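> Task: produce atomic coordinates for the following.
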Amino acid sequence: MPTQAEEPVYADIGLMAPAVVLPPEGTDMRKWSVIACDQYTSEPAYWKRVADLVGDNPSMLHLTYPEVYLPQKRDEEIIAGILQNMEEYKKNNVFIPQTPGFVLVDRKTPAADSRLGLVVALDLELYSFAKGSQSLIRPTEKTIESRLPPRIAIRKDASYESPHILVLIDDPDKTVIEPLAEAEKKGAMRKLYDFDLMEDSGHLTGHHVADRKDMDQVAEALRQLGSKERFREKYGAGPDQDPILFAVGDGNHSLATAKRCWELVKAKGAGDDHPARFALVELNNVHDPGLSFHPIHRLIEGVDPGDMMDKLKAFFEAQGSKVSFEEGARHEETEAVGGGEHAHKFEFVSKGTQGVFTITNPKMVLAAATVDSWLNGYVEANEKAALDYVHEEYTIKAKCSEESTTVGLLLPTINKNDLLKTVVKEGTLPRKTFSMGHAPEKRFYCECRAILP
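A predicted model of the protein is given here:
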C-alpha cells in the first residue's frame, strides 16, 4: 500500500493527493455506500431499512456508528464491532488500494442533477477549531468538545477512515474543481464507480484524478484562492487576519476528532510522515449550483409548550428585545420587519399551538444564535427535556403531532454566498446553524484511506 511519502503533498496549502481504498470490482456499491452517520437521528426506521438491505454484504454500514443508536448506550460493543470489521475487511481484501490521486465526484441528489466535489486529504497541522482560530483550514460552526469522545473512541484505534466531511472553497470563477469535470468529459480519467444510491438518494460517480499535471493544476488554483491579497480584497480582512482557504461545512466534529487523534499519535512520537496527520475530505465549491443550504431545526421533547413560550418571552424581554407571536403564521411566509429594525423570526410548532415568534432587536447576529442563547439554558434547567437537531420539517411536524410534550422550532437559513465572509467578520457560527442540503443530499461514505502505517 502506498505510504504518505508516495502521495503528492503540497505543504504550503495543507493538501495531499491520497491513496484511497475502495472495495473490489463486483461489489454491490448500492449496499457498500451509506449516508453520513449523523443523519436520520430521529428516524430509526430509516436505519432499519438500511440494515435489512445491506445484510452481511460488505458495507460502510459495518464500519460506522449511526448516531441514532447513541441513546442505547452500547458504545463499547458497537465500537469493538467496527474495529473488528475493519480488520476483517483488510484481511479479506475488501480494501483495494488505488494509486495516489484525487477523486472527482459527481453527485446527483433529489434536489440537483449534479453537485461536483473533489476528494482530497488535508493537513491537520494547518487546522484548528480553537476559538478565534486564524488557521488556513477552520470550522464554520462552533465545535462542542463533549461530542468528540465517542468519535475519538472509534478513530484512535481505527486502521482506516472514511469521510462525510464536506469542506467549502469560495471559488466564484470555478478554477479548482470545474476544470477537472471538463477534462473528464474528454475521457481523460479512469472511472472508479458509478451507481445509484440507496433510499432514493440519487446517484454517485467517481473518477480518478491521477495525472500529476492535473493535481498540480488543482494546487496552483487553490494557492491563488488562498493568497493574502485576495483574502483581504474579497473579505475586507484586516492586516492581523490570516487567510481561510478551506472552510469546514459538514462533518466539523469528525475533522475535530481527526485532529485530536493526530495529537494523540504525535504525542507518542509519530513522525511528520505518519498518515494520521492528514484527513480525507470532500471539497465543494460554495458557488456550485447543485449545493443548497438549509436550516437545521430544533426538536425538544419532554417539555410543556406553554411554559416554553412563557419562558422564551420573558428571557428576550429581559434582554431588552421586543417579542411578538403571530399564531397560525408560517416562518417562510412572514416578512422582514421594516423601519430599519433588526429582527429574527422562527416558527414554534406543538400539538396545540403553531405560529411565528419575532424577536426584534436581538443581541445576536444570526437567528440560530438568538434561539440557542435561550434554548440551551432552558433545556439544561429541565431534566426531562431532550434536545435534537433535525434537518427535515416533516420530521418535526410528525413528532409534534404525536406528543403534547414535544416542541419544534423551525429556523431560517443563511445565504451560502455570504458564509465565508460571515466567518471572517464574526468568527465561527453557532453549532447547527445551517445544513448543506436536506438529509438525502448528504454525503455517502464510499472511499476509505489507511491512517496507520
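
> What segments of the stretch 51-200 of the chain are strands?
According to DSSP state E, counting those that start in this stretch, the stretch 51-200 of the chain carries its strands in the segments 96-97, 102-108, 115-123, 137-139, 160-161, 166-169, 190-196.

> Please identify the pairing partners of the longest one and their relative orientation?
Strand 115-123 has its sheet partners listed here by DSSP bridges as strand 15-16 (antiparallel), strand 102-108 (antiparallel), strand 278-285 (antiparallel).

> burial count for the nearest residue to D157 once chain neighbours are set aside?
Nearest in space to D157, with sequence neighbours left out and distances taken as C-beta to C-beta, 6 or more residues apart in numbering, is L83 at 5.7 Å. The way it works is simple: take the backbone N, C-alpha and C, and place the C-beta from them, glycine included. As a burial measure, L83 scores 15 neighbours (other C-beta atoms under 10 Å).

> residue contacts, L83?
154, 157-158 (C-beta atoms under 8 Å, 6 or more residues apart in numbering).

> So what's the residue count around I144?
Neighbours of I144 (other C-beta under 10 Å): 13.

> Distance of it relative to D372?
Counting by C-beta to C-beta, to the nearest Å, the gap from I144 to D372 is 11 Å.

> do the same with S42
19 Å.

> T205 too?
Distance of T205 to D372, computed by C-beta to C-beta: 38 Å.

> When those two are compared, which one has more neighbours?
For T205 versus D372, neighbours defined as other C-beta under 10 Å are more numerous around D372 (22 against 16).

> Helix or strand: which one has the more buried one?
If you go by DSSP states H and E, D372 is part of helix 367-381.

> name the helices or strands packed onto that helix?
strand 297-301, helix 305-318, strand 343-349, strand 386-390 (3 or more C-beta pairs under 8 Å, 6 or more residues apart in numbering; DSSP states H and E).

> Which of the residues in stretch 282-296 are classified as buried?
282-288, 290-296 (16 or more other C-beta atoms under 10 Å).

> Give me the distance between it and the centre of its chain.
Stretch 282-296 sits 11 Å away from the centroid of its parent chain (C-alpha atoms, centre = their mean, to the nearest Å).

> and the end-to-end length of it?
Using C-alpha to C-alpha, to the nearest Å, the end-to-end distance of stretch 282-296 comes out at 21 Å.

> thinking again about what came up before, angle of the helix holding D372 against strand 343-349?
Counting by axes from the mean of the first three to the mean of the last three C-alpha atoms, to 10 degrees, helix 367-381 lies at 50 degrees to strand 343-349.

> ok, back up a step: using CSV, lay out the strands paired with strand 115-123 together with distance to G55.
Shown next, in CSV, are those (distance: least, C-beta to C-beta, whole Å):
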stretch, distance to G55
strand 15-16, 35
strand 102-108, 25
strand 278-285, 27
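
> Quick one, which of the ones you listed gets closest to K228.
strand 15-16 (17.6 Å; C-beta to C-beta).

> ok, then the element right after that closest one?
Assigned by DSSP H and E, the successor of strand 15-16 is strand 21-22.

> Now do that next one: everything it contacts.
1, 95-98, 160, 192-193, 446-450.

> could you dump those residues to JSON lines with distance to G117 and pLDDT?
Output for these, formatted as JSON lines (distance: C-beta to C-beta, whole Å; pLDDT from 0 to 100):
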{"residue": "M1", "distance to G117": "24", "pLDDT": "40"}
{"residue": "F95", "distance to G117": "21", "pLDDT": "97"}
{"residue": "I96", "distance to G117": "21", "pLDDT": "97"}
{"residue": "P97", "distance to G117": "21", "pLDDT": "96"}
{"residue": "Q98", "distance to G117": "17", "pLDDT": "96"}
{"residue": "Y160", "distance to G117": "20", "pLDDT": "97"}
{"residue": "L192", "distance to G117": "13", "pLDDT": "98"}
{"residue": "Y193", "distance to G117": "13", "pLDDT": "98"}
{"residue": "C446", "distance to G117": "11", "pLDDT": "98"}
{"residue": "E447", "distance to G117": "11", "pLDDT": "98"}
{"residue": "C448", "distance to G117": "16", "pLDDT": "98"}
{"residue": "R449", "distance to G117": "16", "pLDDT": "98"}
{"residue": "A450", "distance to G117": "21", "pLDDT": "97"}
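
> Can you add distance to G132 and give these back as a markdown table?
As requested, the contacts of strand 21-22 are arranged in a markdown table below (distance: C-beta to C-beta, whole Å):
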| residue | distance to G132 |
| --- | --- |
| M1 | 39 |
| F95 | 39 |
| I96 | 43 |
| P97 | 39 |
| Q98 | 38 |
| Y160 | 33 |
| L192 | 40 |
| Y193 | 40 |
| C446 | 35 |
| E447 | 33 |
| C448 | 34 |
| R449 | 30 |
| A450 | 34 |
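
> Would you mind checking which of those residues is nearest to A329?
For the contacts of strand 21-22, the nearest to A329 is C446 (42.1 Å; C-beta to C-beta).

> wait, the closest one sits on V34?
No: assessed by C-beta atoms under 8 Å, C446 is found out of contact with V34, at 9.1 Å.

> circling back: just the CA atoms of the helix holding D372, as PDB, please.
Only the C-alpha atoms of helix 367-381 are listed here, as PDB (Å, rounded to 0.1, in the frame of the first residue of the first chain):
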ATOM      1  CA  ALA A 367     -31.400  33.700  14.200                       C
ATOM      2  CA  ALA A 368     -29.900  30.300  15.300                       C
ATOM      3  CA  ALA A 369     -27.700  32.100  17.800                       C
ATOM      4  CA  THR A 370     -30.700  34.000  19.100                       C
ATOM      5  CA  VAL A 371     -32.700  30.800  19.600                       C
ATOM      6  CA  ASP A 372     -29.800  28.900  21.200                       C
ATOM      7  CA  SER A 373     -28.900  31.700  23.600                       C
ATOM      8  CA  TRP A 374     -32.200  30.900  25.300                       C
ATOM      9  CA  LEU A 375     -32.900  27.300  24.400                       C
ATOM     10  CA  ASN A 376     -29.600  25.700  25.700                       C
ATOM     11  CA  GLY A 377     -30.200  27.100  29.200                       C
ATOM     12  CA  TYR A 378     -33.800  26.100  29.200                       C
ATOM     13  CA  VAL A 379     -33.000  22.500  28.300                       C
ATOM     14  CA  GLU A 380     -30.300  22.300  30.900                       C
ATOM     15  CA  ALA A 381     -32.700  23.600  33.600                       C
END
